[in-house]
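In: no letters, just coordinates:
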């Protein structure tokens, strides 16, 4: 079990807008790694990006704020979030 699974939370966020083909997943990965989170950023067929992050709750909340912030690449029109218990099994932060 990784440290995130031992004392953290899981954030799943779906980001809408012009967020594919603009470096959004790379930017998200960079923010997440800076915050010590593990997870994934994945392009979805409907044009959204799904972000899954596990780690300490304050770090996950900081990532969510960054996803909604004006510094994010492209044009974020909205972010839907879901919070759950960690599942573990994630290492690093990957872009799919």
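Out: Here it is on my side, so go on. What you see is a predicted model, and the numbers here were worked out from it, not measured in a lab. Residues are numbered from 1 along each chain as shown.

In: check contacts around residue 49.
Out: 14, 15, 19, 20, 24, 25, 28, 41, 42, 43 (C-beta atoms under 8 Å, 6 or more residues apart in numbering). Just so you know, the C-beta spots here come from the backbone N, C-alpha and C atoms, and that holds for glycine as well.

In: can you redo the residues you listed as a markdown table with distance to residue 94 and neighbour count?
Out: Below are the contacts of residue 49 laid out as a markdown table (distance: C-beta to C-beta, whole Å; neighbours: other C-beta atoms under 10 Å):
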| residue | distance to residue 94 | neighbour count |
| --- | --- | --- |
| 14 | 17 | 16 |
| 15 | 16 | 26 |
| 19 | 17 | 26 |
| 20 | 16 | 15 |
| 24 | 14 | 24 |
| 25 | 9 | 24 |
| 28 | 11 | 27 |
| 41 | 8 | 25 |
| 42 | 9 | 14 |
| 43 | 12 | 16 |
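
In: which one of those residues is nearest residue 85?
Out: residue 14 (18.9 Å; C-beta to C-beta).

In: any idea what that closest one is bridged to?
Out: Beta bridges link residue 14 to residue 50, residue 80, judged by DSSP bridges.

In: residue contacts, it?
Out: Counting by C-beta under 8 Å, 6+ apart, residue 14 has contacts 44, 48, 49, 50, 51, 79, 80, 81.

In: kindly report the same for residue 33.
Out: With C-beta under 8 Å, 6+ apart, residue 33 has these contacts: 92, 93.

In: hmm, try it at 10 Å
Out: Applying C-beta atoms under 10 Å, 6 or more residues apart in numbering to residue 33 gives the contacts 39, 92, 93.

In: where do the helices sit along this protein?
Out: Here the chain has its helices, by DSSP state H, at 3-7, 24-34, 57-68.
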